[in-house]
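K.L.:
the following block contains a protein sequence and its predicted model.
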Amino acid sequence: MAMPTMDTGRIRENVESWEGMSRDDVIIKYAPMVKYVASRISMKLPQSVDLDDLIQVGVMGLIDAVAKFDPNRGIKFQTYAEFRVRGAILDELRSMDWVPRAVRQVASHIQTVYQQLEGEFGRPAEDAEVAERLQISLNEFYQQLDSVRGISILSFEDIRPSLEDDEWDILEVLADPDVEDPLESIGLREMRLAMSQAIESLPEKERLVLTLYYYEELTMCEIGEALGLTESRISQLHSKAALRMRAKMRRVLGKKQP
């Protein structure tokens with residue numbers, strides 16, 4: 001794979017804009033971004049998880065980004081900082097183990113059923129088929145989807161192959177011509193292809209919800225208004241898409257169900 005071309009103009013712009021700012025200036029400037037990221041994550045969590053706590057953790061991630069950012073790598077600081085902030089918050093949530101064991105078991109069971117039915121039918125399973133295999137009513141299935149909505153939060157660490165170097169960070173090697181291409185060295189190109197295929201195999205509405213939520217950055221409420229559906233229904237579509245994706249990616253990566 002060819003290495004990315006370095007944009008010297010962008011590097012110069014990064015360096016010039018970065019050198020004139022103190023650490024406190026940078027933190028103040030990007031504090032709204034921290035609140036935005038924390039708020040988006042918080043929307044998918046139980047009310048017991050305090051937003052202010054997530055923001056505080058996110059600020060620590062921002063401080064870490066300021067300390068480690070190298071403008072000469074040609075990466076925009078905001079891109080790098082968002083990665084660090086989101087990663088810090090997700091790491092904190094994992095350490096808190098905020099998802100009850102029973103909810104994890106429900107999610108794992110649904111993922112297994114999706115995987116089984118897709119293998120049998122060669123197509124995405126319908127809601128009624130999943131409910132029948134789970135031996136529950138359709139309404140009970142939708143209730144289960146609502147209960148696992150928070151577990152669909154994914155980070156790169158959840159799906160990347162395990163590495164011998166636990167300190168590896170994809171943003172530390174992006175756009176660096178002196179470092180071996182990470183996509184070549186650890187097979188991320190194959191993983192990206194598998195993920196792309198998994199997304200393409202999703203039912204149309206679920207794929208659309210993912211696109212609007214993650215790429216257009218609309219809220220569940222805004223997506224509901226755009227599609228003429230309730231916010232609860234959008235949340236269920238998002239949960240189904242996430243569970244299907246997790247099942248597909250775990251199979252591709254050879255991981256056991258949690």
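P.N.:
The structure has been received and is ready for your questions. Residues are numbered from 1 along each chain as shown.
K.L.:
drop to CA atoms for contacts and neighbour counts, all remaining ones
P.N.:
Fine.
K.L.:
point out where the stretch 1-150 of the chain drops to low pLDDT.
P.N.:
Low-confidence segments of the stretch 1-150 of the chain, defined by pLDDT under 70: 1-20, 46, 97-99, 150.
K.L.:
how about the strands in the stretch 1-150 of the chain?
P.N.:
Assigned by DSSP state E, counting those that start in this stretch, the stretch 1-150 of the chain shows no strands.
K.L.:
in it, which spans are helices?
P.N.:
Per DSSP state H, counting those that start in this stretch, the stretch 1-150 of the chain carries helices over the ranges 8-19, 23-42, 51-68, 77-96, 101-121, 127-134, 138-147.
K.L.:
could you give the angle of the longest one to helix 138-147?
P.N.:
Counting by axes from the mean of the first three to the mean of the last three Cα atoms, to 10 degrees, helix 101-121 points 120 degrees away from the direction of helix 138-147.
K.L.:
same deal with the third one?
P.N.:
Regarding helix 51-68 and helix 138-147, their directions subtend 50 degrees when assessed with the same axes, to 10 degrees.
K.L.:
which of the helices of the stretch 1-150 of the chain sits most buried?
P.N.:
Stretch with highest mean neighbour count among the helices of the stretch 1-150 of the chain: helix 51-68 (a mean of 19; mean count of other Cα atoms under 10 Å).
K.L.:
give me the distance between that one and the centre of its chain.
P.N.:
Relative to its chain's centre, helix 51-68 lies at 18 Å (Cα atoms, centre = their mean, to the nearest Å).
K.L.:
then stretch 140-148?
P.N.:
Remark: stretch 140-148 is offset 21 Å from the chain centroid, using Cα atoms, centre = their mean.
K.L.:
neighbouring contacts of that stretch?
P.N.:
Around stretch 140-148, the neighbours that count as contacts under Cα atoms under 8 Å, 6 or more residues apart in numbering are 103-104, 106-107, 127, 131, 232, 235-236, 239-240.
K.L.:
wait, which of the residues you listed is closest to residue 196?
P.N.:
Nearest to residue 196 out of those is residue 240 (Cα to Cα; 16.8 Å).
K.L.:
pLDDT score for residue 237?
P.N.:
We have a pLDDT of 92 for residue 237.
K.L.:
again with the one 4 residues further on
P.N.:
Confidence per residue is given as pLDDT, and for residue 241 that number is 89.
K.L.:
that one reaches residue 201, doesn't it?
P.N.:
No - assessed by Cα atoms under 8 Å, residue 241 is found out of contact with residue 201, at 10.2 Å.
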